[in-house]
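>>> any chance you could fold what I've pasted below:
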Amino acid sequence: MSTVSVVTLAKGRPAHLRNVLLGLARQTRPPAELIVAVMQDAPYDLPEVPFPVRQILVPGRELPLAAARNRGVAAACGDDVVFLDVDCIPAPSLVADYARGLAALDGLLMGEVLHLPERATAGDWRYADLDAVAERHSDRRGPPASGIEICNDYRCFWSLNYAIRRATFLATGGFDERYTGYGGEDTDFGKLLATRGIPIAWMKGARAYHQYHPHHMPPVHHLDSVVRNAELFASKWGYRTMGHWLYAFRVMGLIDDTPDRPIRILRRPDAGDLALTGQQSHQPYTNSASVIRTLEARQVEGAAMASGVPAPATA
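Predicted coordinates:
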């Protein structure tokens, strides 16, 4: 039977991390260990759990997400490695589901993700309570009805909740550590897998519950790193990634992303940009598509006002 290490990346959010540990302690198949790649100056004060926990300090001025994932795998002892973001609580069968899936497919597997509203994990939470309020992200593809389904577009890789055989990960060379801050490093890794012929797939099960935290989408609060990482991706692969975010930034007047020229940041996000893109307390997740629709409607309205022709009514 294969052994399974779990790797999580953490900066701040100690309550979220404690819920991750609590979820791992409730697994039908306990992990061999948890590796916490700590992206802050000091390790966490963590509760006792019935499996080994190791904390590895990963220095970096900005979020060193790529480096943290690589360090986590390098330190892991398991045959399989499950990656969970620090805000993702594993369902009871997550470790067992991934072990079964990776025994069937040597590739990268993505489990289910449901999003929780604010205060869903307050107090002594139960899985039945989480299931009662959790929602699936409207912008994201859901799991197959059963089994494993191959995705033939590397851009489907979502780094919130996934697993891969450790040997397969190491054979790829891992994530490109030149990506720092937020955005692009996971799409780059997906592109790398595609070039190596390593399948990316969705699977039924391996569910994780994404815990609420205030966020912006599109991520205007990470404008600089998104722009920088999009340019890095283009230097490697010949075209930019994160196109929907760059499009939103352009419509907002934040950037000039004219093709064949370096992206220029025209201005910093202001209070209106933050209000438009920010997650509200009643929302379990943020939604780029709805923000883009709002921006496009404003464009149409502005053009109509400038021309004196009434904008078409919207449903």
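>>> doesn't residue 227 fall inside a helix?
Yes. Assessed by DSSP: H, G, I helix; E, B strand; the rest coil, residue 227 belongs to a helix.
>>> low-confidence stretches in this protein?
For the chain, the stretches with pLDDT under 70 are 279-287, 309-315.
>>> domain assignment for it?
Using automatic domain parsing, the domain ranges for the chain come out as 4-210, 220-307.
>>> format these as JSON lines; extra columns: mean neighbour count.
In short, each C-beta sits where N, CA and C put it, glycine included. As requested, those are exported to JSON lines (neighbours: other Cβ atoms under 10 Å):
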{"stretch": "domain 4-210", "mean neighbour count": "18"}
{"stretch": "domain 220-307", "mean neighbour count": "16"}
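>>> for residue 184, which non-adjacent residue is spatially closest?
Once flanking residues are discounted, residue 184 sits nearest to residue 229: 3.3 Å by Cβ to Cβ, 6 or more residues apart in numbering.
>>> so where do the strands sit in the stretch 101-250 of the chain?
108-110, 113-115, 148-151, 161-165, 200-203, 208-210 (DSSP state E, counting those that start in this stretch).
>>> can you put the ones you listed in TSV and add distance to residue 12?
Putting the strands of the stretch 101-250 of the chain into TSV (distance: least, Cβ to Cβ, whole Å) gives the following:
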stretch	distance to residue 12
strand 108-110	25
strand 113-115	19
strand 148-151	31
strand 161-165	20
strand 200-203	30
strand 208-210	16
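>>> out of those, nearest to residue 1?
strand 161-165 (13.9 Å; Cβ to Cβ).
>>> which elements pack onto that closest one?
strand 80-85, helix 94-104, strand 108-110 (3 or more Cβ pairs under 8 Å, 6 or more residues apart in numbering; DSSP states H and E).
>>> can you redo those as TSV with distance to residue 262?
Shown next, in TSV, are those (distance: least, Cβ to Cβ, whole Å):
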stretch	distance to residue 262
strand 80-85	31
helix 94-104	40
strand 108-110	32
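>>> do you know which of those lies nearest residue 55?
In terms of Cβ to Cβ, the element of the helices and strands packed on strand 161-165 nearest to residue 55 is strand 80-85, at 15.0 Å.
>>> the closest one: partners in the sheet, and parallel or antiparallel?
With DSSP bridges as the test, strand 80-85 is paired with strand 4-10 (parallel), strand 161-165 (antiparallel).
>>> secondary structure class for the nearest residue to residue 90 once chain neighbours are set aside?
Distances taken as Cβ to Cβ, 6+ apart place residue 23 nearest to residue 90, at 4.3 Å, with adjacent residues excluded. Using three-state DSSP, the structure places residue 23 in helix.
>>> measure residue 23 to residue 221 for me?
For residue 23, the distance to residue 221 equals 27 Å [Cβ to Cβ, to the nearest Å].
>>> how about residue 204?
Residue 204 sits at a distance of 34 Å from residue 221 (criterion: Cβ to Cβ).
>>> quick one: residues contacting residue 182.
Residue 182 sits next to 63, 65, 219, 222, 225-226 when contact means Cβ atoms under 8 Å, 6 or more residues apart in numbering.
>>> equivalent analysis for residue 129, please.
Residue 129 sits next to residue 120 when contact means Cβ under 8 Å, 6+ apart.
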